[in-house]
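**Student:** Sharing a model that was predicted from the sequence below.
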Protein chains: 2
Amino acid sequence: MCGIVGYVGSDNACDFLIGGLRRLEYRGYDSAGVAIYGGSTFHITRSVGRIDALAMQLGAVPPNGTLGLGHTRWATHGPATIENAHPHLGGDGEIVLVHNGVIENFQTLKDELIQKGYHFVSATDSEVIAHLVAESLKNTPETVGQPNLRYLNAVQGAISRLRGTYGLAIAFRDHPNFMIAARFGSPLVLGVGKGEYFVASDASPLVGRTDRIVYLADHQIAVLTPEGFSVLHRDQGKVRVNIRQLETDSSEATREGFEHYMLKEIYEQPESIRNAMRGRLDEENATAVFGGLNLTPQQSRMVERIILTGCGTSWHSGLVGEYLIEDLARIPVSVEYASELRYRNPPIENNTLVFGITQSGETADTLAALRETKRKGHRTLAICNVVGSSIAQAADGGVYLYAGPEIGVASTKAFTSQCCVLAMLGLYFGRLRHLSFERGKQIIEELRQLPNAIQQTLGCNEQVRDVAQKYQNASTVLYLGRQFNFPTALEGALKLKEISYIHAEGYPAAEMKHGPIALVDKETPSVFIIPRGTTYTKVMANMEEVKARGGPVIALANEDDPQVQAVADDVIHVPQVPEFLQPIVNVVPLQLLAYHIALLRGCDVDKPRNLAKSVTVE
Amino acid sequence: MCGIVGYVGSDNACDFLIGGLRRLEYRGYDSAGVAIYGGSTFHITRSVGRIDALAMQLGAVPPNGTLGLGHTRWATHGPATIENAHPHLGGDGEIVLVHNGVIENFQTLKDELIQKGYHFVSATDSEVIAHLVAESLKNTPETVGQPNLRYLNAVQGAISRLRGTYGLAIAFRDHPNFMIAARFGSPLVLGVGKGEYFVASDASPLVGRTDRIVYLADHQIAVLTPEGFSVLHRDQGKVRVNIRQLETDSSEATREGFEHYMLKEIYEQPESIRNAMRGRLDEENATAVFGGLNLTPQQSRMVERIILTGCGTSWHSGLVGEYLIEDLARIPVSVEYASELRYRNPPIENNTLVFGITQSGETADTLAALRETKRKGHRTLAICNVVGSSIAQAADGGVYLYAGPEIGVASTKAFTSQCCVLAMLGLYFGRLRHLSFERGKQIIEELRQLPNAIQQTLGCNEQVRDVAQKYQNASTVLYLGRQFNFPTALEGALKLKEISYIHAEGYPAAEMKHGPIALVDKETPSVFIIPRGTTYTKVMANMEEVKARGGPVIALANEDDPQVQAVADDVIHVPQVPEFLQPIVNVVPLQLLAYHIALLRGCDVDKPRNLAKSVTVE
């Protein structure tokens, strides 16, 4: 989702801005732009499409200047056009800003500003903020000897009128070498250099420029000049900030010979699963250990219900978690869409533990849901990948995935790592309750075999490619599985939907007869996930029902399954693992299937249309 | 799903069979057939497609006989062909049978019977039973003076080998005037006439022939002759049966001038909602009363959690119920797919009440889920439409919808009645807890206004037809809503999917950005449900995001909403009602939208392809 970069210092701003925007590309965007202060005014360059197009437009000799802003836009209000791309100007060009978030009352404010004579050139909610700051500045008196203070007051006045969310970086034509950043609901990070300061949506643009960072919190405003920076809170005045050390292995963020990040990340799964388990399996006590839960064994034992919340793929891993934790630990689990939970005000019993599941740790709805349940006095924990992210900081504790940066917009390794963490949580809570030492040992052994099973599964790649070839022109695909494999069906369908734009939908296999089977005809393939296990014969019967109506069937089955072979048109083989771990193995061929179909259809796998990597607006 | 009729008596069997099969048409089928005993052998007539085709084939002078079987087949194993249509013959034609259900071990049995020299002409699991009975008969010795007993023993021997579900009616070439019916998992009803007896999948074929009926229970076998009938239980021997009075207003089961049952049932909703509320709103105590809950106020107060389970549309009304009951009564609610619940063995806390929601009362998975939770000692209740149905009988109590027969395969009035019952349950449980007398009175008043609001909503029909015209060629449609209207989005999408075969999918509006928005382009309309209420501005922002990507937007909004009007391409107006009742109103235009689009695409609205009305196999 929208990305922000800003620079104030003595170097050429443009280099950092363009490099930084490239690092933010993975977030998803459909236009981009930069503003560089050129001594008397701002040079603004904007383009629709990729950063490459923007760089081309800037040409061999880009504008020179030591203060600048940049932005990648994921359209919310108004289509992806040059006019709607950021940076936006306010007043007569005395304000320039970039904005991430959604302003809900923009229409009211816009009407008011038009009345006052402001002229709008875009359909965005962001341009409203630019003019609002200009108007506020007009009404803010000079503060003798403290020119910065006037600008700060003007910005504070303007943002006090905003309803919605924002991450903002703002510069001023008539007050150079000075920048204001403000956050409410959309993440912002400051980079602390020597005589230079940076603003960015996340830490990735800062790698190589500084390793000292500050996460802005909601309602905080930062003032940056080449001489230093300070942070203020809306209500509390100046705050002491905590400068953190940025730990990023920047080598991980390259494709390393793979054609796409997504493919690389699919192939990393044996390793990322190993990283998720490293140091967390305790043979001696036949349980799992987590450093960051911040729960005593007594507190953990008191847990009577678990709520798992997240969005998209993380919601799916929550569903896997429901089956896993209920099975291993016999604690009732509810899974909630974060966007629904935050507004639903559900009755939550005492001794309920709430887990927010998120790759980025910045998902706006998950953050809000976690904050709301925490405010009500429930204990909240995060399962997330990005260290130091907003959700990691907001929760009472949590578990990191240690999966390394995930760049492909369609989540792959984060999903399997989340499922693996949830399996270990099942073991942990189970061993506090009814799981025996022996069973605990056995589960640890089964978990240890998992990376090898995934490695083995990756061997199906060629076969999956052939299947992809055959079905690449489908316009509708059903994914069907039961029990542990029902969420896998949802996740497989989501992958295909995200990157190939084919309308795929997942269902518990038995639900098919209550509607979706009406879609089945010779052109509509169904993917059945049918490993051996408790519901094998039932799913088999559903497969027969689809075949009876002429629907092509792709089956994901264990090796040596002549019964499936006899019914299905195409069979992809997956190794047999214990039933509760089967979803982690089974999703891998489905990731590959989506990948190959998208490739064959000429889609941009790593940057699918309309999508953003981390959804930082609600 | 498959329908069975059988006749033994002194009249011409064929008239009853064909008439009965027509009454069972609504269950969904794709081929049909009858067998009539003609003095020395069975005349079998079968056809693919509608009963009309079968009647045509029987011609002006259908076979004469006083014993016969008939069947409508919804294909499970093998496509809809003449060979696979029932009745099936066993042995050398000495057995004839019709079967409803799924035999899971049919392949093993088939292999065994082929080894023994039996010749199969169909791909069905049912033919296996026919040969199995023949084989069993061969091995069953004569019982002197009790010829019926030998046949009974043979059938019992055969069905003891079946794994799966069945409703069976079986007749024998060499033992005329004799029929056996057996049930496990698939519903069967006996009709008790004077010198004539009937078998049917449900009571509808019996209307006008007899009003005395017997519901067979699982593991029961009935023996019928023109002289009388008896019922045995597999383990308990002969059982005393309870003959019930059939109460059906047969006039309701006609289209009454409407072009389709579905349209008639949509228009019946003001009345069916009134029927659901009749006698259940207690002004004096400002609460709802239910005759059949079989719970004392003390027991009701003890309820700490509610599980709502069902399939398809009933699962959607469960989701509405979750929002309703949690909002009104502050009791935590979980909604479970019945097919998943029955095998999942979830940890369920004490003082949990389980509701099975079903129109027909025969849905196989819902019945099994209810039985399984009841067996574990939880109290189970039914919310269903068909009086005396299997689920109504299996539950500890329940609430009838009194919506009248629902014949259209796509459920409409049953859904709104279910939601209405759930709202009244919310009121009832709320008034046992924290809802004040005043608030209770207010909710009653709001409920009383509901039929009028639905009546008013029906006025949008013309407008909906215009919208349908515009979007009839879409191949993918998204339905988006939040909170109370998220399940409405699912239900709206399901209707379109069921009867127009367009791939429609529902989502909580905010989830869109986590994947589905990738599907949005100029060809992909989105239906936004956006009445005024708590998440109005949020859904508005999602609408803008879809518009920004060129996606056409159909909005369901309250009257006089210029803001929605300004953004959406087409607006359908619904009256504003209290937020918790809005889903019951909002679903009506979505039912009509599906109806009109299906009609424009030339689909068979009342009998959509592949679908069955009540899903009596799992």
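**Tutor:** Structure received.

**Student:** The residue located most distally from the centre of chain A: what secondary structure?
**Tutor:** In chain A, the residue that sits farthest from the middle, by CA atoms, centre = their mean, is residue A:144; the gap is 45.5 Å. What DSSP: H, G, I helix; E, B strand; the rest coil gives for residue A:144 is coil.

**Student:** Distance check, it against residue A:150.
**Tutor:** Distance from residue A:144 to residue A:150, counting by CB to CB, to the nearest Å: 10 Å. (Each C-beta comes from the backbone N, C-alpha and C, glycine too.)

**Student:** any idea how chain A splits into domains?
**Tutor:** Structural domains of chain A, as assigned by automatic domain parsing, span the residue ranges A:3-249, A:255-448, A:456-618.

**Student:** The first one and chain B in contact?
**Tutor:** Yes. With CB under 8 Å from any CB of the partner chain as the criterion, chain B is reached by domain A:3-249 at A:75-80, A:102, A:104, A:107.

**Student:** Can you give me the buried ones in stretch A:102-114?
**Tutor:** By 16 or more other CB atoms under 10 Å in any protein chain shown, the buried positions in stretch A:102-114 come out as A:102-104, A:106, A:109-110, A:112-113.

**Student:** So for the one residue in the stretch 301-450 of chain A that gets nearest to chain B, what's the nearest residue that isn't a sequence neighbour?
**Tutor:** The minimum distance from the stretch 301-450 of chain A to chain B, using CB to the nearest CB, falls at residue A:312 (2.8 Å). Nearest-residue entry for residue A:312: residue B:514, 2.8 Å, with adjacent residues in sequence omitted and distances by CB to CB, 6 or more residues apart in numbering or on different chains.

**Student:** And the pLDDT at the one you found?
**Tutor:** Looking at residue B:514, its pLDDT reads 95.

**Student:** Neighbours of residue A:130, how many?
**Tutor:** By the criterion of other CB atoms under 10 Å in any protein chain shown, residue A:130 has 30 neighbours.

**Student:** Report the contact partners of the spatially closest residue to residue A:94 that is not a sequence neighbour.
**Tutor:** Using CB to CB, 6+ apart and skipping residues adjacent in sequence, the residue nearest residue A:94 is residue A:173, 4.6 Å away. Counting by CB atoms under 8 Å, 6 or more residues apart in numbering or on different chains, residue A:173 touches A:37, A:40-42, A:93-96.

**Student:** got it, and residue A:170?
**Tutor:** Taking CB under 8 Å, 6+ apart as the criterion, residue A:170 is in contact with A:95-97, A:133, A:155, A:179-182.

**Student:** could I get the helix or strand encompassing it in CSV with only the CA atoms?
**Tutor:** Element membership for residue A:170, per DSSP states H and E: strand A:166-172. Output in CSV follows, covering the C-alpha atoms of strand A:166-172 (Å, rounded to 0.1, in the frame of the first residue of the first chain):
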residue,chain,number,x,y,z
TYR,A,166,-2.7,9.3,7.8
GLY,A,167,1.0,9.1,7.5
LEU,A,168,2.3,12.4,6.2
ALA,A,169,5.5,14.1,5.2
ILE,A,170,5.2,17.8,4.5
ALA,A,171,7.6,20.4,3.2
PHE,A,172,7.3,24.2,2.7
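
**Student:** Quick one: mean pLDDT over that strand.
**Tutor:** Rounded mean pLDDT across strand A:166-172 is 96.

**Student:** I'd like the next helix or strand past that strand.
**Tutor:** Next element after strand A:166-172 (DSSP H and E): strand A:179-184.

**Student:** Whatever helix or strand comes next after that following strand pairs with which strands?
**Tutor:** Moving toward the C-terminus from strand A:179-184, the next helix or strand (DSSP H and E) is strand A:189-192. Strand A:189-192 has the following strand partners under DSSP bridges: strand A:197-200 (antiparallel), strand A:212-215 (antiparallel).

**Student:** Go through those strands and name the closest to residue A:259.
**Tutor:** Ranking the strands paired with strand A:189-192 by their distance to residue A:259 (criterion: CB to CB) puts strand A:197-200 first, at 28.0 Å.

**Student:** Could you give the separation of the closest one from the chain centroid?
**Tutor:** Mean-position distance between strand A:197-200 and its chain equals 21 Å (CA atoms, centre = their mean, to the nearest Å).

**Student:** same question, stretch A:390-408
**Tutor:** 10 Å.

**Student:** swap in stretch A:8-15?
**Tutor:** With CA atoms, centre = their mean, you get 29 Å for stretch A:8-15.
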